[in-house]
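# Okay, sequence plus prediction incoming.
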Amino acid sequence: MRHILNRLFEHKALVLMYHRVAAPAADIWDIAVSPENFEQHLKILRKKGNVQPLRQLVAELRDGKLQKNSIAITFDDGYIDNFAVAKPLLEQYGLPATFFITSGNIGKDEEFWWEELEHILLFTPKLPQTFSAEVGEGPFTFDLQAETHLTVELRQRHIYWNACDEAPPTRRAELFLALWQQLKPLPYIAQKELLGHIRDWAGVPVSRRAAYRSMTAAQLQEMGRGSLFDIGAHTVTHAALGMHRLPVQEQELRDNRQYLTAVTGADIPLLAYPYGNYNSDTLAAAVNTGFAAAFTTEEKAVKKRSSLYRLGRLQVKNLPGQAFAAQLDAWQHKL
Ligand SMILES: [Zn+2]
């Protein structure tokens with residue numbers, strides 16, 4: 001009985017994870033929330049009245065004084081729409097948020113590799129029949145068969161594909177996923193090389209879609225200026241930390257933090273692991289480089305006994321207000 005009561009009254013916090021506030025034609029990883037839906041989320045969160053800055057939540061956790069049902073809002077990667085769309089809405093509703101920034105893309109006229117890869121494989125009108133490359137395990141060859149031309153039907157299937165839950169629906173999607181898995185663990189230089197090879201094979205220039213850019217340094221600086229927003233660390237190159245050696249991990253964290261401190265003038269005590277990926281070295285690296293706490297993408301609430309360097313977060317999907325409220329309730333009761 002006491003066990004059940006303890007569980008019922010155990011104080012816990014939810015840390016929400018957003019990426020983009022935008023309405024792209026395709027969103028295979030479910031990381032974009034439309035501006036309309038995002039505003040509805042904020043209305044609901046403001047009404048609940050328990051949103052607090054992430055650093056405050058972490059301080060309370062550290063001091064053993066976690067409040068009941070508090071919520072924090074976070075964003076990953078540093079997309080330009082965080083500045084252009086999310087920031088004014090958060091200000092309008094007076095809600096605090098923390099932005100975890102991948103510093104290598106700040107101010108660059110470039111997309112993140114996974115978005116360029118998606119654009120090339122799923123939406124280029126014509127691709128060569130056969131792809132081949134030298135990858136980690138040796139030569140890799142893939143035949144697109146009847147899918148060299150992007151038909152209306154293929155395009156539709158790609159637009160409606162949810163890669164988090166569904167197997168690839170086409171040959172092109174299958175190749176995309178195989179290459180995504182090859183690219184993710186690579187050192188940054190090798191990643192750039194393989195992406196360049198894929199681009200050359202497809203015969204397309206570097207993709208520079210304005211909506212997929214990161215913020216500029218000036219925008220990042222402005223973001224960190226007010227009391228409502230905090231900047232957090234998310235590595236220099238969006239490295240899958242647990243797949244690299246400890247010195248590489250430490251350098252990713254140290255250089256990222258140094259850059260963010262230089263731009264914003266603020267201390268950067270909080271870190272989010274890219275892809276939620278970490279190993280035991282990562283936990284050591286986070287401590288060694290001076291972070292106070294770090295977040296994964298594991299779907300769990302923050303509780304009294306949560307490890308400070310493995311805190312969970314909850315990915316918010318593109319849901320309208322009612323469905324978002326129901327999701328929040330479900331998280332609050334089940335996690
Ligand atoms: Zn990320």
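Looks like it came in fine.

# I'd assumed Leu45 was in a helix, is it?
Yes: Leu45: assigned to a helix according to DSSP: H, G, I helix; E, B strand; the rest coil.

# separation between the closest residue to Leu95 other than its chain neighbours and Phe100?
Spatially, and ignoring its direct neighbours in sequence, Leu95 is nearest to Val51 (5.2 Å; CB to CB, 6 or more residues apart in numbering). (Glycine included, C-beta is placed from N, CA and C.) Distance of Val51 to Phe100, computed by CB to CB, to the nearest Å: 17 Å.

# related to what we said a few turns ago, the residue nearest to Leu95 against Ile71, yeah?
Yes: Val51 is within contact range of Ile71, at 5.0 Å (criterion: CB atoms under 8 Å).

# tell me, what's touching these two both at once?
Residues touching both Val51 and Ile71 (CB atoms under 8 Å, 6 or more residues apart in numbering): Leu45.

# The closest residue to Leu246 other than its chain neighbours is in what secondary structure piece?
Sequence neighbours aside, Asp281 is the residue nearest to Leu246 in space, at 4.4 Å (criterion: CB to CB, 6+ apart). Following DSSP states H and E, one finds Asp281 within helix 280-288.

# How about the stretch 201-335 of the chain: which residue is closest to the ion?
Closest approach between the stretch 201-335 of the chain and the ion, counting by CB to the ion: Pro274, at 4.6 Å.

# Flag every buried residue along stretch 271-279.
Within stretch 271-279, the residues that qualify as buried are 271-278, counting by 16 or more other CB atoms under 10 Å.

# Max pairwise distance over those residues: which two?
Leu271 and Tyr275 (13.4 Å; CB to CB).

# any idea whether the residue most central in space within the chain is helix, strand or coil?
Nearest to the mean C-alpha position of the chain, counting by CA atoms, centre = their mean, stands Asp76 at 4.1 Å. At Asp76 the chain is in strand, as set by three-state DSSP.

# And it, how far from the ion?
4 Å (CB to the ion, to the nearest Å).

# The ion contacts on this structure?
76-77, 274 (CB under 5 Å from the ion).

# and those as CSV, adding pLDDT?
Below are the residues of the chain next to the ion laid out as CSV (pLDDT from 0 to 100):
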residue, pLDDT
Asp76, 98
Asp77, 98
Pro274, 98
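
# would you list every one of the strands in the chain?
In the chain, the strands defined using DSSP state E lie at 12-18, 20-21, 32-33, 70-77, 97-101, 130-135, 138-143, 229-233, 270-272, 293-295, 302-303, 314-315.
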